[in-house]
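Colleague: Sequence below, structure please.
(2 chains)
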Amino acid sequence: MNVAPGSPRALERTTRIVNSPGQLERQHSKLVARRSRFRLLLNFLIPAALLLGWEVGAIFGMIDRRFFPPPSATTIAAIKLFANGSLLGQIVVTLYRVFAGYLPGALIGVVFGIFTGSYWTADALFRPVLTAMYTVPKLGIFPLMLLIFGLGDLPKIALVGLSVFLLIAITAHDAARAVPSGFIDVGRVFGAKPHHRFLEITLPASATMIFSGLRLAMGQAILVTIATEMVNGDDGVGFLIWHSWSIFEPASMFVGIVTSALVGVLSIGLVTIVERFCICWEDQNQTKLAFT
Amino acid sequence: MIDKISVSIRDVTKIFVSRTGETKALAETSLHVREGEFVSLLGPSGCGKSTLLRLLASLDRPSTGEVELTLNNAGRSPVSVVFQDYSIFPWKTVLGNVAFGLRLAGKKRPEAERIAREHIVRMNLAGFENAYPGQLSGGMKQRVSLARALALDPDLLLLDEPFAALDPQMRQILQEDLLRQWENGDVRTAISVTHDLDEAILLGDRVALMSARPGRIKRIFDVPFGRPRSPDIRYSQKFSEIRQEIWASLRDEVRPAGPDAAPIKHSEPI
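Modeller: Numbering: from 1, shown residues only, chains lettered A, B, ... in the order given. A predicted model of the protein is given here:
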């Protein structure tokens, strides 16, 4: 609209508003392509600027290389660790723990959350316990896991599974409660058994919200895995970070940190891909902006 | 007095692009609306009448062609819109909703609320100033939406199937309310999208009939009733005749819904 802001309209005789094709309408496909290229550029702008600043800062001695090795030194350390196979090994071990905990935790969480969200009795029985357990810091009960499951992978996997379960159960619970009652009524009218109601109504109706919980939970699974690896055991990306710190090899430490970030981005991206596959009825043109 | 052109729609088309292909919602459409005129846009579902209204409101841009509004600054704002699904904010009271447009137009809060209160009374909502929309019936919500648009005293009022979501009785009452506001001279120029034949004739000076998608203006009917008019014209012989004439033309356009009658999403405009 070409009404100048703040201009006293009464002084003008008429307002003329013209609505004609804009650039987007005239050159649609070209602009869409340009926009997606620009989007990619924006995605990498801040990381690139930070890394460049760090490198330049290190070159001019503004950043102490002994404590904060620049990206080039970290890259060299990463190549070394990758060449002797130890980096890949640590990643595999960490990923195993993440997924071994995440998959069962998420699955049980979805089923349990929808269950408690669908029936008020289940809600009354389980919700206080779930909420209380959710608020307990997960690392605070890691010693308990060690007592129960002994040493090795199992206590770590169990803690990851527990954290994922609690987060997903709470998300799925809220998602199930938010299902429009009209859908539930359709089920009742046509005589849906509980398993029909779960599989054919509540689960798909709450899927979008559950997936946003699944993305958050993936982040938490990686966080918990790496944290437990720092505290206990002798392998995994968490161990790499902590061990490098204790023998004062900051370059390897940064390799570990960057690796955990990459593992996080890729794993959360994986959840988004699974979501696109699962929620096929939603408008596929809408880009999911959350996290990836 | 009624001679100045207020709205010019010139050879406007609108194409929507999605992954599955292009949809032509509007074919070359031209329409001129005179100042002080009430034009009803009538057409089958999916014919692009709402698309045309969005272009008039500058909510979307045309793919080709041009929409030109020449408004005479007699009112408080150039254009305001009444939406089909009310679009009133659940988190604002009736007063807050009606005053919203006025405040955004630069009125101070006391002044905005004073004007808003007047329009709340005119829309028979007195006593509900501090109620939230969740506590209101559908008819009352649409009254709030009408009051919000009319409070701006727009040079051009656009209505997008304003009463489609209401039950038939409430719809009839609100049509009469709007007619009364129009006869009072509270509305200047108006374009109303509808698929209700009676509403189109009752309110309109002219009825522009649109064809099925891709929509274009198929025929324009002059409504043979002067102003002011009473809601009772609905029961007259003349009303039945014009109704029948328009329906004969409209019936050809209302085809059984096929895959191409799917609703158009406004997400990916070209």
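Colleague: For the chain, which segments count as strands?
Modeller: No chain specified, so I'll use chain A. A:15-19 (DSSP state E).
Colleague: The intended chain is chain B.
Modeller: Using DSSP E, strands in chain B cover B:5-18, B:21-34, B:38-42, B:64-71, B:77-82, B:154-160, B:189-194, B:206-210, B:217-222.
Colleague: Distance to residue B:147 added to the ones you listed, as TSV?
Modeller: From N, CA and C alone the C-beta is placed, and that goes for glycine too. What follows is these, written out as TSV (distance: least, CB to CB, whole Å):
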stretch	distance to residue B:147
strand B:5-18	23
strand B:21-34	24
strand B:38-42	19
strand B:64-71	21
strand B:77-82	10
strand B:154-160	12
strand B:189-194	15
strand B:206-210	26
strand B:217-222	30
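Colleague: Indicate which one of those is closest to chain A.
Modeller: The closest of the strands of chain B to chain A is strand B:64-71. By CB to the nearest CB, the value is 4.1 Å.
Colleague: what pairs with that closest one, and is each one parallel or antiparallel?
Modeller: Here strand B:64-71 has these sheet partners by DSSP bridges: strand A:15-19 (antiparallel), strand B:5-18 (antiparallel).
Colleague: so where's chain B uncertain?
Modeller: B:1-3, B:186-187, B:255-270 (pLDDT under 70).
Colleague: which non-adjacent residue is nearest the residue nearest the centre of it?
Modeller: The centroid of chain B falls nearest to residue B:159 when counting by CA atoms, centre = their mean (1.5 Å). Distances taken as CB to CB, 6 or more residues apart in numbering or on different chains put residue B:192 closest to residue B:159, at 4.0 Å, once the chain neighbours are dropped.
Colleague: Chain A contacts on the stretch 1-150 of chain B?
Modeller: B:17-19, B:55-56, B:58, B:61-73, B:78-79 (CB under 8 Å from any CB of the partner chain).
Colleague: Mind giving me the PyMOL command for buried ones among those?
Modeller: Buried residues within the residues of the stretch 1-150 of chain B next to chain A, by 16 or more other CB atoms under 10 Å in any protein chain shown, are selected in PyMOL with:
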select buried, chain B and resi 17+55+56+61+62+63+64+65+67+68+69+70+71+72+73+78+79
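Colleague: tell me the contacts of the residue nearest to the centre of chain B?
Modeller: B:81-82, B:190-194 (CB atoms under 8 Å, 6 or more residues apart in numbering or on different chains).
Colleague: Please produce a markdown table containing the residues you listed, extended by neighbour count.
Modeller: Converted to a markdown table, the contacts of residue B:159 look like this (neighbours: other CB atoms under 10 Å in any protein chain shown):
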| residue | neighbour count |
| --- | --- |
| B:81 | 22 |
| B:82 | 23 |
| B:190 | 23 |
| B:191 | 26 |
| B:192 | 25 |
| B:193 | 28 |
| B:194 | 23 |
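Colleague: check contacts around residue 202.
Modeller: Since no chain was named, I'll use chain A. A:114, A:117-118, A:176, A:179, A:184.
Colleague: oops, chain B please
Modeller: Contacts of residue B:202 (CB under 8 Å, 6+ apart): B:175, B:179, B:229, B:231, B:233-234.
Colleague: Against chain A, how distant is it?
Modeller: Residue B:202 sits 28 Å away from chain A, going by CB to the nearest CB, to the nearest Å.
Colleague: near chain B, which residues of the stretch 101-250 of chain A show up?
Modeller: Within the stretch 101-250 of chain A, not a single residue sits near chain B (CB under 8 Å from any CB).
Colleague: Check what pLDDT the most centrally placed residue in chain A gets.
Modeller: Nearest to the mean C-alpha position of chain A, by CA atoms, centre = their mean, lies residue A:215 at 3.7 Å. What the model reports for residue A:215 is a pLDDT of 95.
Colleague: In this model residue A:271 seems to touch it, though I could be wrong.
Modeller: Yes: with contact defined as CB atoms under 8 Å, residue A:215 reaches residue A:271; the gap is 5.1 Å.
Colleague: Show the pLDDT at residue A:10.
Modeller: For residue A:10, the model assigns a pLDDT of 46.
Colleague: worst-scoring helix or strand of chain A, pLDDT-wise?
Modeller: helix A:23-26 (a mean of 80; mean pLDDT, DSSP states H and E).
Colleague: near chain B at all, that one?
Modeller: Yes: applying CB under 8 Å from any CB, one finds helix A:23-26 in contact with chain B at A:24-25.
Colleague: one step back: looking at the contacts of residue B:202, which is nearest residue B:166?
Modeller: Nearest to residue B:166 out of these is residue B:175 (CB to CB; 9.6 Å).
Colleague: Number of residues surrounding the closest one?
Modeller: Residues lying near residue B:175 (other CB atoms under 10 Å in any protein chain shown) number 21.
Colleague: how close does it get to chain A?
Modeller: 28 Å.
Colleague: Contacts only, for that residue.
Modeller: B:163, B:198-199, B:202-203, B:231.
Colleague: about what we covered before: tell me the contacts of the residue nearest to residue B:159?
Modeller: B:38-41, B:158-159, B:162, B:199-200, B:203-204.
Colleague: What are the boundaries of the helices in the stretch 151-270 of chain B?
Modeller: B:168-183, B:197-203, B:237-251 (DSSP state H, counting those that start in this stretch).
Colleague: Packed most tightly, which of those helices would that be?
Modeller: Comparing the helices of the stretch 151-270 of chain B by mean neighbour count (mean count of other CB atoms under 10 Å in any protein chain shown), helix B:197-203 ranks first with a mean of 22.
Colleague: What distance do you get for residue B:193 to residue B:35?
Modeller: Applying CB to CB, to the nearest Å, the value for residue B:193 to residue B:35 is 20 Å.
Colleague: And for residue A:277?
Modeller: Taking CB to CB, one finds residue A:277 at 55 Å from residue B:35.
Colleague: more crowded one of those two?
Modeller: More crowded of residue A:277 and residue B:35, by other CB under 10 Å: residue B:35, with 19 against 8.
Colleague: distance of the more buried one from chain A?
Modeller: Using CB to the nearest CB, we find residue B:35 at a distance of 10 Å from chain A.
Colleague: From residue B:54, how far off is that residue?
Modeller: 22 Å.
Colleague: what's around residue 106, how many residues?
Modeller: You didn't pick a chain, so chain A it is. Residue A:106 has 25 nearby residues by other CB under 10 Å.
Colleague: ah, I was thinking of chain B
Modeller: When neighbours are counted by other CB under 10 Å, residue B:106 comes out with 12.
Colleague: cool, and residue B:226?
Modeller: 7.
Colleague: tell me the contacts of residue A:100?
Modeller: A:153, A:157, A:160-161.
Colleague: Identify, from those, the entry nearest to residue A:101.
Modeller: residue A:160 (2.7 Å).
Colleague: Run through the residues that contact that closest one.
Modeller: A:97-98, A:100-102, A:105, A:221, A:224-225, A:228.
Colleague: got those residues as TSV, with pLDDT columns?
Modeller: Formatted as TSV, the contacts of residue A:160 follow (pLDDT from 0 to 100):
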residue	pLDDT
A:97	96
A:98	96
A:100	97
A:101	96
A:102	97
A:105	97
A:221	96
A:224	95
A:225	95
A:228	95
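Colleague: Out of those residues, flag the one nearest to residue A:165.
Modeller: residue A:105 (4.1 Å).
Colleague: how about the helices in the stretch 1-150 of chain A?
Modeller: A:23-26, A:28-59, A:71-83, A:86-118, A:120-135, A:142-149.
Colleague: Identify, out of the ones you listed, the most deeply packed stretch.
Modeller: Most buried among the helices of the stretch 1-150 of chain A, counting by mean count of other CB under 10 Å: helix A:86-118, with a mean of 20.
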